[in-house]
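# Next come a sequence and a model predicted from it.
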Amino acid sequence: MKMLRVALTGFHHESNTFAPVPASLDRFLAAGTFESDELVRVYGESQATLGGFLEIRSLPNLEVVPLNHADLNPMGTITQEAFEVLVGRMIEQLKENGPWDVVLLALHGAAVAEHQPDADGEIIERVRRLVGDDVVVGVALDMHANVSERMIRNSTVINAYLTNPHIDPRPRARQVAELSIATARGEIQPVIAHVSPPVAINILRQGTSDWPMSHLISLANEMEHQHGVLSVSVIEGFPYADVPELGMSFIVITDHDQDLANHLAQSLAAAAWDLRNDFLGDGTDIDIALQRAMNSPRGPVVLLDVGDNVGGGSPADSTHVLAAAQRLKVRNLFHSLCDPGCVADCHKAGVGVNIALNVGAKTDQLHGKPVKISGTILHLDDGRFEDTGITHGGFRFFNAGPRALVHTDDDHFILLTSRPMGNTSRAELTSVGLDPLSLKVIVAKGVHSPRGAFEPIAAEMIQLNTPGCTSADLSTLSYKLRRRPMFPFEPEATFSL
């Protein structure tokens, strides 16, 4: 077999255009951009997308070259400087180290830059323009992508996760890599069908083990076993990015059979449209949820702070739940907040010191008001920890920036971080000396992303109706660019094939 040269590179960001904090270059650099051997060290043994790409290094007659990858927690729109510097570096490395037979791109699909609303489409197009039409471009997306026709047009192979919480990025990326290599060797001729019905599904209804998503995933899995079908993707879309591509979409890849690909993608889209009313949802009132947690015969009860969903771009400093917990005298509760100023105060004071702080809600008033706490500093560290177990997105290494754990006088364990951090790993707690099983209540800033880590131990998981820039009530958000009419914003919207 011919020796193939394969490039691995990526740019991963989920951009909430309603979030107050922009995704700036300094934040990307602080989070870490990895190249070459460092990329392999960070992602090689992870369950993330790049882990799946890196698996192909064991295959014969391949020269696999890890180039670079930039990743940042979801937050606001990417600045023009950040996009051009980091994507410019990607293109520069591809150019300097080419030529290539295959380029594998680890993207998100819901990236939005100030000057490029379809940021992922722009990345794929720039890569295609550089390498030409004869080079295979394989793209692995997050399940919350907002997929554009430009993304499809410039990709040879493209898929997305099929689980939410995302526990399958590695095998789905491996599928992209294997199909891309088979294409480069002339063993298959992939053709792509993409259908996007005018529907935005509520974040509370996006769990793939729950109805109605479970039904669509079952249909997709059945389709993937049909003769001639190479890949099927059910993509939930990201409702917090105000772009024309917002919404659910379906991608089917077949081996040189466009009619089959079209038929299957249209069938999935029609099934989703028929279920559109089942995708409506609402959360539980904060006080009601806290009372349920207090009355639960065992813990931990995990309260999902939907309005401060860090995985959707929120700032991680909402205090609505903490303020209610103080008022209702809830005890043995864990709550994390991003508050670098209070972290600095704790590090200056030292472990064992009693301290009074006004924590959280430093970003804007939408996410509450600062809450006064007093208690003892139990733990201080640099915020780096590792989790080899199940985590959302398959990530292994975490960096919350300098951290401080305070045990308050009213029996709350408040973990203060310097960077926004979603609660997607039990190691976040164990790394500061807490046993999750010993807690009565765990407040997790997320919707589905905490489920992989906490569902196995939770007495109950409750989705909260909390305000914020990731509110489950999409009517609170002011869209300007999305498609119209679109369900559920316009209930009279129609869809025909």
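That came through fine.
# Tell me which residue is most central in the chain.
Against the mean C-alpha coordinate of the chain, by C-alpha atoms, centre = their mean, the closest residue is Gly311 at 5.2 Å.
# Could you point out which residue ranges in the protein have low pLDDT?
Applying pLDDT under 70 to the chain flags no residue at all.
# According to the record, where do the domains of it fall?
4-279, 286-472 (automatic domain parsing).
# how far away is Glu122 from Asn159?
Distance from Glu122 to Asn159, counting by C-beta to C-beta, to the nearest Å: 20 Å. Where you see a C-beta, it was placed from the backbone N, CA and C, and this is true even at glycine.
# With neighbour numbers in mind, choose between these two.
Using other C-beta atoms under 10 Å as the criterion, Glu122 and Asn159 rank with Asn159 on top: 24 against 20.
# what comes into contact with the helix or strand hosting that one?
Element membership for Asn159, per DSSP states H and E: strand 157-160. The contact list for strand 157-160, computed with C-beta atoms under 8 Å, 6 or more residues apart in numbering, reads 109, 136-143, 145, 151-152, 172, 175-176, 179-180, 183, 190, 192, 230-231, 233-235, 251, 253.
# Which of those residues fall in helices?
Secondary structure defined by DSSP state H assigns Met151, Ile152, Arg172, Gln175, Val176, Leu179, Ser180, Thr183 of the contacts of strand 157-160 to helices.
# closest to Glu245 among the residues you listed?
Nearest to Glu245 out of those is Met151 (C-beta to C-beta; 8.4 Å).
# Report how many residues lie close to the nearest residue to that closest one once chain neighbours are set aside.
Among residues not flanking Met151 along the chain, Gly121 sits closest, at 4.6 Å (C-beta to C-beta, 6 or more residues apart in numbering). Using other C-beta under 10 Å, Gly121 is surrounded by 25 other residues.
# element containing Gly121, please.
helix 119-131.
# who touches that helix?
Residues contacting helix 119-131 (C-beta under 8 Å, 6+ apart): 11, 13, 15, 78, 83, 87, 90-91, 94-95, 98-100, 103, 105, 107-113, 116, 137, 139, 141, 145, 148, 150-151, 154-155.
# Of those residues, which belong to helices?
Phe83, Val87, Met90, Ile91, Leu94, Lys95, Arg150, Met151.
# Could you dump those into a markdown table and include neighbour count and distance to Asn262?
Converted to a markdown table, those look like this (neighbours: other C-beta atoms under 10 Å; distance: C-beta to C-beta, whole Å):
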| residue | neighbour count | distance to Asn262 |
| --- | --- | --- |
| Phe83 | 26 | 33 |
| Val87 | 22 | 32 |
| Met90 | 24 | 32 |
| Ile91 | 16 | 33 |
| Leu94 | 22 | 32 |
| Lys95 | 11 | 36 |
| Arg150 | 16 | 19 |
| Met151 | 26 | 18 |
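# need those residues in TSV with distance to Asp282, can you?
TSV is the format used below for these (distance: C-beta to C-beta, whole Å):
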residue	distance to Asp282
Phe83	35
Val87	38
Met90	41
Ile91	44
Leu94	46
Lys95	50
Arg150	35
Met151	32
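# Strands of the stretch 201-350 of the chain, residue ranges please.
Assigned by DSSP state E, counting those that start in this stretch, the strands in the stretch 201-350 of the chain fall at 229-235, 249-255, 301-304, 333-338.
# Distance to Gly132 and mean neighbour count added to the ones you listed, as JSON lines?
Formatted as JSON lines, those follow (distance: least, C-beta to C-beta, whole Å; neighbours: other C-beta atoms under 10 Å):
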{"stretch": "strand 229-235", "distance to Gly132": "23", "mean neighbour count": "24"}
{"stretch": "strand 249-255", "distance to Gly132": "21", "mean neighbour count": "27"}
{"stretch": "strand 301-304", "distance to Gly132": "46", "mean neighbour count": "27"}
{"stretch": "strand 333-338", "distance to Gly132": "44", "mean neighbour count": "28"}
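# Let me have these in CSV, extended by distance to Cys469.
Shown next, in CSV, are the strands of the stretch 201-350 of the chain (distance: least, C-beta to C-beta, whole Å):
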stretch, distance to Cys469
strand 229-235, 22
strand 249-255, 23
strand 301-304, 16
strand 333-338, 14
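# can you tell which of the ones you listed is closest to Leu464?
Proximity of the strands of the stretch 201-350 of the chain to Leu464 was assessed by C-beta to C-beta; the nearest stretch is strand 301-304, lying at 5.7 Å.
# And that closest one, what does it pack against?
helix 286-295, strand 441-444, strand 460-463 (3 or more C-beta pairs under 8 Å, 6 or more residues apart in numbering; DSSP states H and E).
# how does it look with 6 Å?
In terms of contacts (3 or more C-beta pairs under 6 Å, 6 or more residues apart in numbering; DSSP states H and E), strand 301-304 is packed against strand 441-444, strand 460-463.
# Find the one among those strands with the highest mean neighbour count.
Of all the helices and strands packed on strand 301-304, strand 441-444 has the most neighbours on average by mean count of other C-beta atoms under 10 Å, namely a mean of 28.
# Now do the next helix or strand after it: everything it contacts.
The element immediately downstream of strand 441-444 (helix or strand, assigned by DSSP H and E) is helix 451-454. Outside helix 451-454, the residues that touch it by C-beta atoms under 6 Å, 6 or more residues apart in numbering are Pro165, Ile167, Val302, Ile390, His392, Thr424, Ser425, Arg426.
# who touches the first one in this structure?
Going back to what we said before, that points to Pro165. Per C-beta under 6 Å, 6+ apart, neighbours of Pro165: His392, His448, Ser449, Arg451, Gly452.
# Going by distance to Ala361, which of the residues you listed wins?
For the contacts of Pro165, the nearest to Ala361 is Ser449 (21.8 Å; C-beta to C-beta).
# and the closest one, how many neighbours?
26.
# And Pro485, by the same measure?
12.
# ditto for Gly389
12.
# what phi and what psi does the backbone show at it?
Dihedral angles of Gly389 (phi, psi; degrees, to the nearest 10) stand at phi -90, psi -160.
# ok so, going back, distance of the residue nearest to Met151 from Glu149?
Gly121 is 8 Å from Glu149, by C-beta to C-beta.
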